[in-house]
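S.K.: No letters, just coordinates:
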């Protein structure tokens, strides 16, 4: 999944045509029509991270953890003007889960979240895209953690309507913003969420011009946390797989803010991670 758009290939060369030009609909298109938020730790994605926590308010949780993320976004159908496959409408489904395991306690599971969403994107221009839809997050506490600490679930479930905009003023840059309004939550939560971010992608300059570097920042703010920012910063390299818009990434990640695990969303954490990612 390219960070901006197939029309903005990282080596500035024209993107390959992935569909016949006279088509007006496209079943199972690539899922990058509205690009995912690269540094967002709460989205559906596939990754493996080794995390070191320099500060954590989660009781009895170790400072060294394994973060496992499985899932992704899948294109269902695209409707576009004739001969303009990178404009129009696309419906996507995303689903996945992310979990943390305590490296200091035989990889006991601390907690995990299941996420899914149905999203409709509109792209009037290759560098500009809008999306709206529904996102769901249901959080759980790990059995081993609950047994050790006696911690019970707060039954964190957040189901929200989202509206977002992605803007790429240049093929190296991309900015985005999203607003979420929850219509299903528990008595510890409030309805509003705001997300902001930016990404920069370099040219393919390394390893025989196959690798490029990138940097990304994502900021999530929740009304229930008095709009305190949860900030994620990534710096890494990208290796395209050669299969449509999929890619591999290796990145250093810095995080500061509320725990990414929903059941611990009122505990703050600071961490540094080394991660491997598969975007498809």
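M.R.: Received the coordinates, thanks. Quick caveat, the model's predicted, so the values are computed rather than measured. Residues are numbered from 1 along each chain as shown.

S.K.: which residues of the stretch 101-250 of the chain score low on pLDDT?
M.R.: For the stretch 101-250 of the chain, applying pLDDT under 70 flags the ranges 242-245.

S.K.: which residues in the stretch 151-280 of the chain form strands?
M.R.: 157-170, 173-184, 192-201, 212-222, 229-240, 247-258, 268-279 (DSSP state E, counting those that start in this stretch).

S.K.: Okay, now the sheet partners of the last one, with direction.
M.R.: Applying DSSP bridges to the sheet, strand 268-279 is found paired with strand 46-56 (antiparallel), strand 247-258 (antiparallel).

S.K.: Mean neighbour count and distance to residue 105 for the strands of the stretch 151-280 of the chain - can I get that in CSV?
M.R.: No exception for glycine: its C-beta is placed from N, CA and C like everyone else's. Formatted as CSV, the strands of the stretch 151-280 of the chain follow (neighbours: other CB atoms under 10 Å; distance: least, CB to CB, whole Å):
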stretch, mean neighbour count, distance to residue 105
strand 157-170, 17, 27
strand 173-184, 17, 33
strand 192-201, 18, 32
strand 212-222, 20, 28
strand 229-240, 19, 25
strand 247-258, 18, 21
strand 268-279, 18, 17
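
S.K.: and of the ones you listed, who's closest to residue 33?
M.R.: Closest approach to residue 33 among these is made by strand 157-170 (10.0 Å; CB to CB).

S.K.: So residue 172 sits against residue 198, correct?
M.R.: No: if you go by CB atoms under 8 Å, residue 172 and residue 198 don't touch, sitting 11.2 Å apart.

S.K.: quick check: longest strand of this structure.
M.R.: For the chain, the longest strand by residue count, based on DSSP state E, is strand 108-125.

S.K.: who does it pair up with?
M.R.: strand 88-102 (antiparallel), strand 128-141 (antiparallel).

S.K.: follow-up on the earlier one: quick one: closest of the strands of the stretch 151-280 of the chain to residue 111.
M.R.: Of all the strands of the stretch 151-280 of the chain, strand 268-279 comes closest under CB to CB, at 12.0 Å.

S.K.: returning to what we had before: is it possible to get TSV of the strands paired with strand 108-125 that adds distance to residue 69 and mean neighbour count?
M.R.: Converted to TSV, the strands paired with strand 108-125 look like this (distance: least, CB to CB, whole Å; neighbours: other CB atoms under 10 Å):
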stretch	distance to residue 69	mean neighbour count
strand 88-102	4	20
strand 128-141	13	19
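
S.K.: Give me the pLDDT for residue 84.
M.R.: At residue 84, the model reports a pLDDT of 88.

S.K.: What distance do you get for it to residue 76?
M.R.: 19 Å (CB to CB, to the nearest Å).

S.K.: swap in residue 196?
M.R.: Remark: distance between residue 196 and residue 76 (CB to CB) = 27 Å.

S.K.: ditto for residue 200
M.R.: Distance from residue 200 to residue 76, by CB to CB: 30 Å.

S.K.: repeat for residue 219
M.R.: Residue 219 sits 29 Å away from residue 76, going by CB to CB.
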